[in-house]
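K.L.:
pasting a predicted model and its sequence here:
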Amino acid sequence: MQESVVYQRIIRQGIEQGKREEALSVVMRLLPRRIGIVAPELRRRVARRRHRRLKHYLLLN
């Protein structure tokens with residue numbers, strides 16, 4: 001089962017989701033330090049970003 005294509009895809013998706021959630025968590029913690037109070041609309045917009053864009057935000061730090 002671990003070698004099946006479907007299983008591997010599910011594992012990859014889970015790993016990518018975990019990376020995105022971690023990057024989002026870090027960005028959300030750093031954002032108030034950079035700009036102060038973060039408006040709810042800005043929080044929603046950041047939360048919709050893809051993992052690659054979130055990593056980009058972290059690299060700007």
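P.N.:
Ah, there it is.

K.L.:
residue 31: which element?
P.N.:
helix 5-35 (DSSP states H and E).

K.L.:
what residues of the helix or strand that that helix is followed by count as buried?
P.N.:
Remark: after helix 5-35, the chain's next helix or strand is helix 40-47, criterion DSSP H and E. Within helix 40-47, the residues scored as buried using 16 or more other C-beta atoms under 10 Å are residue 46. For glycine as for every other residue, the C-beta is placed from the backbone atoms N, C-alpha and C.

K.L.:
just checking, what packs against the helix holding residue 31?
P.N.:
The elements that helix 5-35 packs onto, with contact taken as 3 or more C-beta pairs under 8 Å, 6 or more residues apart in numbering; DSSP states H and E, are helix 40-47, helix 51-59.

K.L.:
reformat those helices as TSV; add distance to residue 32.
P.N.:
Shown next, in TSV, are the helices and strands packed on helix 5-35 (distance: least, C-beta to C-beta, whole Å):
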stretch	distance to residue 32
helix 40-47	10
helix 51-59	14
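
K.L.:
residue 3: which of those is closest?
P.N.:
helix 51-59 (25.9 Å; C-beta to C-beta).
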